[in-house]
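# Mind looking at a prediction? Sequence and model below.
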Amino acid sequence: MPHAYWGKEGLAVVNTSFDLIVIGGGPGGYVAAIRAAQLGIATAVIEQEHLGGVCLNWGCIPTKALLRSAEVYRQLGHASAYGLSASAVGFDLSRIIDRSRSVAGRLQAGVKHLLKKNEVTVIDGHGSLQGPKRVRVSREGKSVADLTAPHILVATGARPKKLPGIDFDGSLIWTYKQAMVPKKLPKSLLIVGAGAIGIEFAGFYNAFGVDVTIVETLDRILPAEDEEISVFARKALEKQGLRVTTGAVVQALKKGADNVTATISGAQKPFKLTVDRVILAVGVVGNVEGIGIEGTRVRVEKSQIVVDEWLRTDEPGVYAVGDVAGPPWLAHKASHEGVICVEKIAGLREVRPLDKRRIPSCVYGHPQVASLGLTEGEARDKGRKVRVGRFPFAGNGKAIALGEEEGFVKTVFDAETGALLGAHMVGSEVTELIHGFSIAKTLETTEVEMAHTIFPHPTLSEMMHESVLEAYGRVVHF
Ligand SMILES: Cc1cc2nc3c(=O)[nH]c(=O)nc-3n(C[C@H](O)[C@H](O)[C@H](O)COP(=O)(O)OP(=O)(O)OC[C@H]3O[C@@H](n4cnc5c(N)ncnc54)[C@H](O)[C@@H]3O)c2cc1C
């Protein structure tokens, strides 16, 4: 089937019958569509907004562009530490935002090109199931076509979660979308939720002088991370002047003309905080509404579609991947699921179900955090005897040369078998290092292979080696 683009400007498609229809063109949907087409499956992908989904347009990529501006600005502020002088260093917020948007735009165009190259039919519009094997496409509420396929993949993603009784208004109370394109910087900012998204925005706004307060309901920031990492990251943020309150709940947000007063309760006495703007970053809910699953056997629990190990729903021929199919809400998890799903549909023999313990997690805050597998606490709670290794950035030659001495690498091994159970890192560029442990875990290595691995010198990656050696009392370098 030749590629066809069926856009608002008109119909350029010859066929309404496919082998696979994908609803949603984010990293779950577009990657599944491309892989399917490579396997000879006639595929259409329906996207109602932007190809690339949240990740390319409003998530992973534009935030990293913003954070890069923050990082360069921060570094310029420390120029003298490197024997340099940089006077009159300033910034232009609109150009920072423009750069972030143009990076997103470039990647969106790249996805369109890839779909075309792989002969996937791309259809602008809203897709919804209309009984078995049938999907209706509508635009502005009007039905424009009915498509058929034996396989239908739902990859509709997720949207920001609201707090009870508190809504986003887009002007004073923001979601990540408004937080990514501010017209001007607020003087003060409350971020509700200390997961990855909250911490990344905290790093961006703090770098440009905004007075940032973070409130988290659980007892620590980045609650999914190893406890030592969370504690370290919190201290680092507080050293940078951010205020962090954990074990606290935002009870109410009262809007003023150009500010918001939050009522916050927790371990301490309830208190009020008035800020210019608020970002709600308390998680996401799956986009399960308006896609026609009500009349089917597709099961939804806690706003997520329930799937089995091959991403099949309870309705034969209907699958779900990515954020709509539950946590972790990460682009690489969505894409990986998309590939597994279509390779299984194609009947490939070597398909493996997703092992969630092997999904790396990265937070691009300042400092960065990256991790994989079990935390030390989780390993102990599971009754495992563990050996734990740690190595500080301050002991690594490259880190010292870079002037990046804050952070450490921690590895957790099964004391009986030597299996790598988990790896946890905080510090500069750790998000570029974690894949080393991902490969180790995929290959099911023990400390023996990792100790035998030769790491180049001088690199930050040597800390990964040293952390393994430290777990076994064998550190050799300073
Ligand atoms: C601020 C922020 C930063 C993030 N940073 C990272 C990061 O650094 N790394 C990481 O791994 N993850 C990150 N994420 C998470 C990541 O964006 C998601 O996990 C990822 O986008 C999920 O992919 P998906 O394909 O499941 O859904 P989405 O990317 O949400 O794509 C779903 C697509 O479906 C479309 N759609 C929905 N319903 C319909 C319909 N009925 N018909 C047609 N189209 C429809 C939507 O328009 C959307 O384009 C971040 C998220 C945010 C918000």
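Received the coordinates, thanks.
# For Ile434, which residues are in contact?
Ile434 makes contacts with Pro360, Cys362, Ala370, Ser371, Leu372, Ala423, Met425, as judged by CB atoms under 8 Å, 6 or more residues apart in numbering. In this view, the C-beta of every residue, glycine as well, is placed from N, C-alpha and C.
# so which of the residues you listed comes closest to the ligand?
Proximity of those to the ligand was ranked by CB to the nearest ligand atom; the top entry is Cys362 with 6.2 Å.
# nearest residue to that closest one other than its sequence neighbours?
In space, and not counting its chain neighbours, Cys362 is closest to Thr431: 4.1 Å by CB to CB, 6 or more residues apart in numbering.
# Find me the pLDDT at that neighbour, would you?
Model confidence at Thr431, expressed as pLDDT, equals 98.
# neighbours around it, how many?
17 (other CB atoms under 10 Å).
# do the same with the one 10 residues further on
Under the neighbour criterion other CB under 10 Å, Lys441 is assigned a count of 20.
# got the contact list for the residue of the stretch 151-300 of the chain found nearest the ligand?
Going by CB to the nearest ligand atom, the ligand is nearest to Gly157 of the stretch 151-300 of the chain, at 2.1 Å. By CB under 8 Å, 6+ apart, the contact set of Gly157 is Gly24, Gly26, Gly28, Gly53, Val54, Gly286, Asn287, Gly322, Asp323, Val324.
# do the same with Trp174
Phe168, Arg277, Val278, Ile279, Leu280.
# can you pick the most crowded of those?
Val278 (29 neighbours).
# Look up the residues forming beta bridges with that residue.
Beta-bridge partners recorded for Val278 (DSSP bridges): Ile173, Leu190.
# Now that it has come up, it's in contact with Gly170, right?
No: contact criterion CB atoms under 8 Å: Val278 and Gly170 do not qualify, at 11.5 Å.
# Output the set of residues of this structure in proximity to the ligand.
23-29, 46-50, 53-55, 58-60, 63, 126-128, 155-158, 176, 197, 287, 291, 322-323, 329-332, 334 (CB under 6 Å from any ligand atom).
# how many neighbours does the residue lying closest to Arg352 once chain neighbours are set aside have?
In space, and not counting its chain neighbours, Arg352 is closest to Ile340: 7.4 Å by CB to CB, 6+ apart. Neighbour count of Ile340, defined by other CB under 10 Å: 22.
# try Ala370
Neighbours of Ala370 (other CB under 10 Å): 26.
# Which helix or which strand is home to it?
Taking DSSP states H and E as the definition, Ala370 sits inside strand 369-373.
# So in that sheet, which strands flank that strand, and in what orientation?
strand 361-363 (antiparallel), strand 420-427 (antiparallel).
# just those: most buried one?
Most buried of the strands paired with strand 369-373 by mean neighbour count (mean count of other CB atoms under 10 Å) is strand 420-427; its value is a mean of 27.
# how about whichever helix or strand comes after that one: buried residues?
Where DSSP H and E defines the elements, the next helix or strand beyond strand 420-427 is helix 434-442. Buried positions in helix 434-442, judged by neighbour count with 16 or more other CB atoms under 10 Å: Ile434, Gly436, Phe437, Ser438, Ala440, Lys441.
# Kindly reformat the residues you listed as a markdown table containing distance to Ile214 and pLDDT.
Below are the buried residues of helix 434-442 laid out as a markdown table (distance: CB to CB, whole Å; pLDDT from 0 to 100):
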| residue | distance to Ile214 | pLDDT |
| --- | --- | --- |
| Ile434 | 24 | 98 |
| Gly436 | 30 | 97 |
| Phe437 | 28 | 98 |
| Ser438 | 29 | 97 |
| Ala440 | 33 | 96 |
| Lys441 | 31 | 95 |
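# count of neighbours near His270?
No His there; residue 270 is Pro. Neighbours of Pro270 using other CB under 10 Å come to 11.
# Give me the contacts around stretch 52-72.
With contact meaning CB under 8 Å, 6+ apart, stretch 52-72 is reached by 24-30, 49-50, 91, 96-97, 99-101, 103-104, 107-108, 111, 157-158, 176-177, 180, 200-201, 203-204, 207-208, 323, 331, 334, 364, 366.
# And Ile166, what's its pLDDT?
89.
# where does the stretch 351-478 of the chain have low pLDDT?
477-478 (pLDDT under 70).
# where's the spatially most central residue of the chain relative to Pro270, distance?
In the chain, the centroid-proximal residue (CA atoms, centre = their mean) is Leu330; its distance is 4.0 Å. For Leu330, the distance to Pro270 (CB to CB, to the nearest Å) stands at 35 Å.
# now swap in Ile264 and tell me
7 Å.
# Pull up the overlap in contacts between those two.
Common neighbours of Ile264 and Pro270, using CB under 8 Å, 6+ apart, are Gln251.
# where exactly do the helices run in the stretch 351-478 of the chain?
According to DSSP state H, counting those that start in this stretch, the stretch 351-478 of the chain carries its helices in the segments 376-381, 397-402, 434-442, 447-452, 462-471.
# Could you do the chain as well?
27-38, 53-58, 60-77, 93-117, 176-180, 196-207, 227-239, 331-345, 376-381, 397-402, 434-442, 447-452, 462-471 (DSSP state H).
# quick one, strands of the stretch 151-300 of the chain?
151-154, 158-160, 173-174, 188-192, 211-216, 243-246, 248-255, 260-266, 271-275, 277-280, 284-286, 300-301 (DSSP state E, counting those that start in this stretch).
# Report the contact partners of the residue of the stretch 251-400 of the chain found nearest the ligand.
Residue nearest to the ligand within the stretch 251-400 of the chain: Gly322 (2.1 Å; CB to the nearest ligand atom). Listed by CB under 8 Å, 6+ apart, the contact partners of Gly322 are Gly24, Gly26, Pro27, Gly28, Gly29, Ala155, Gly157, Lys333, Ala334, Glu337, Gly338.
# go on, Ile359?
By CB under 8 Å, 6+ apart, the contact set of Ile359 is Pro328, Leu330, His332, Lys333, His336, Leu372.
# tell me the phi and psi of Ala149?
phi -160, psi 150 (degrees, to the nearest 10).
# Phi and psi next, for the closest residue in space to Gln304 that isn't next to it in sequence.
Among residues not flanking Gln304 along the chain, Gly326 sits closest, at 4.0 Å (CB to CB, 6+ apart). Dihedral angles of Gly326 (phi, psi; degrees, to the nearest 10) stand at phi 100, psi 180.
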